[in-house]
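Colleague: Give me the fold of what follows.
(one chain, ligands or ions: 2)
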Amino acid sequence: MRLKNRVAIITGAANGIGLEAAHVFVREGAKVVLADFQEEAGNTAAQKLKEEGYEALFVQVDVSKKESVTHLIERTLDEYGTIDILVNNAGITRDALLVKMTEEDFKRVLDVNVTGVFLCTQAVVPIMAEKGYGKIINTSSVSGVYGNVGQTNYAASKAAVVGMTKTWAKELGRKGIRVNAVAPGFIETGMVETVPEKVIESLKKMIPAMELGKPTDIANAYLYLASEESHYVNGTVLHVDGGIIM
Ligand code: CAA
Ligand code: NAI
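Modeller: Numbering: from 1, shown residues only. Ligands and ions are numbered 1, 2, ... in the order given. Take a look at the predicted model:
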């Protein structure tokens with residue numbers, strides 16, 4: 001088992017990529033905290049994993065709120081005693097062309113996708129630093145690396161995630177903490193369902209693999225970066241996008 005007895009917090013784990021990552025991580029022996037805004041879906045997901053005999057806990061969190069993140073960390077420590085892995089996977093879109101984008105939608109995406117990653121990471125680092133071990137995985141996006149029509153807010157947020165990842169890799173490497181990012185391409189989850197069909201068709205033509213990715217493609221990348229196999233990998237952005245960016 002690649003994560004035996006490791007304690008992992010996965011944000012945004014009630015749906016999509018985060019939910020798949022929770023499944024992959026428990027199968028590899030991790031104790032997983034599914035942290036998400038959506039209480040019902042999160043509870044159902046954690047309950048299902050427990051019934052299958054895995055160690056899992058749901059904690060409701062709004063990653064953009066400091067007090068909520070503090071509660072997440074306290075609840076995790078109460079239940080499992082430590083934190084080894086943080087996957088900053090929670091994220092939102094509020095797509096609109098630049099000229100139509102409201103300031104509110106711009107700021108909300110930055111709040112969740114940037115401030116949320118900042119708050120969760122800041123909260124776990126003292127615990128990881130004290131024991132000289134930790135793995136932090138941030139979720140960027142193809143949009144943050146090369147831009148995307150309709151995603152001024154989201155692209156800005158995912159580019160910020162790359163900047164934070166590299167900064168923290170430099171700050172925290174000496175404390176035994178590894179910080180990396182995954183930059184997914186277009187993955188079949190609820191997030192992509194909002195994209196108009198004609199845009200999806202044009203997207204597929206620019207993906208060398210000629211298909212959208214699956215949540216498991218990203219969950220497996222998270223697993224690699226969370227495991228010992230990536231011991232010497234730090235500050236990298238792993239592109240999992242069927243070859244859109246190369
Ligand atoms: N590439 C090229 N052109 C695009 C485009 C794209 N990805 N998306 C939209 N356009 C074009 C449209 O074809 C249209 O062109 P014409 O005026 O020549 O017909 C023009 O932009 C305006 O588009 P709409 O008529 O759809 O305008 P709208 O205001 O109703 O909607 C929009 C604009 C919100 C950007 C909408 O087109 C949209 O949702 N596009 C998809 C945005 C997208 O790709 N989001 C990714 C979501 S998944 C995700 O975010 C995960 C991740 O990390 C990648
Ligand atoms: P999703 O929409 O299926 O799941 C996102 C989860 O995050 C949801 O369960 C939602 O409740 C949770 N969430 C949203 N705001 C939250 C908050 N404030 N606090 C706590 N939880 C919150 O999306 P998906 O596709 O699984 O995305 C996961 C990550 O991958 C996101 O960061 C997304 O930006 C990123 N990504 C997704 C891609 C895709 O094509 N699906 C491509 C590139 C990146």
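Colleague: Contact residues of this protein facing ligand 1?
Modeller: 93, 95-97, 100, 141-143, 148-151, 154, 186, 191-192, 195-196, 199 (Cβ under 6 Å from any ligand atom). For glycine as for every other residue, the C-beta is placed from the backbone atoms N, C-alpha and C.
Colleague: let's see 8 Å
Modeller: Residues of the chain found near ligand 1 (Cβ under 8 Å from any ligand atom) are 91, 93, 95-97, 100, 141-144, 148-151, 154, 158, 184-187, 191-192, 194-196, 198-199, 202-203.
Colleague: Just those residues: which are in helices?
Modeller: Of the residues of the chain next to ligand 1, the ones assigned to helices by DSSP state H are Val142, Ser143, Gly144, Tyr154, Lys158, Met191, Val192, Lys198, Val199, Ser202, Leu203.
Colleague: now this structure, which segments are flagged as low pLDDT?
Modeller: Within the chain, not a single segment meets pLDDT under 70.
Colleague: Farthest from the middle of it: give me that residue.
Modeller: Val99 (29.0 Å; Cα atoms, centre = their mean).
Colleague: any idea how far that one is from Lys135?
Modeller: With the distance defined as Cβ to Cβ, to the nearest Å, Val99 ends up 41 Å from Lys135.
Colleague: Also Val112?
Modeller: Applying Cβ to Cβ to Val112 and Lys135 gives a distance of 22 Å.
Colleague: between these two, who's got more neighbours?
Modeller: With neighbours defined as other Cβ atoms under 10 Å, Val112 and Lys135 compare such that Lys135 has more, 26 against 22.
Colleague: Which residue ranges of the chain form strands?
Modeller: 7-11, 31-36, 56-60, 85-88, 134-139, 177-184, 237-240 (DSSP state E).
Colleague: Are there helices or strands packed against the longest one, and which ones?
Modeller: The helices and strands touching strand 177-184, judged by 3 or more Cβ pairs under 8 Å, 6 or more residues apart in numbering; DSSP states H and E, are helix 116-131, strand 134-139, helix 142-146, helix 152-172, helix 215-226, strand 237-240.
Colleague: Is ligand 2 within reach of the longest one?
Modeller: What that stands for is helix 152-172. Yes: shown here: helix 152-172 in contact with ligand 2 (Cβ under 8 Å from any ligand atom) through Tyr154, Lys158.
Colleague: and that helix with strand 134-139, angle?
Modeller: 160 degrees (axes from the mean of the first three to the mean of the last three Cα atoms, to 10 degrees).
Colleague: buried ones in helix 152-172?
Modeller: Under the neighbour-count criterion of 16 or more other Cβ atoms under 10 Å, helix 152-172 has 152-162, 164-166, 168-169, 172 buried.
Colleague: Who are the contact partners of the one residue sitting closest to the centre of the chain?
Modeller: Centrality entry for the chain: nearest residue to the mean C-alpha point is Asn89, 1.6 Å, by Cα atoms, centre = their mean. By Cβ atoms under 8 Å, 6 or more residues apart in numbering, Asn89 lies in contact with Ile10, Thr11, Gly12, Ala13, Ile17, Gly18, Ala21, Ile137, Thr139, Tyr222.
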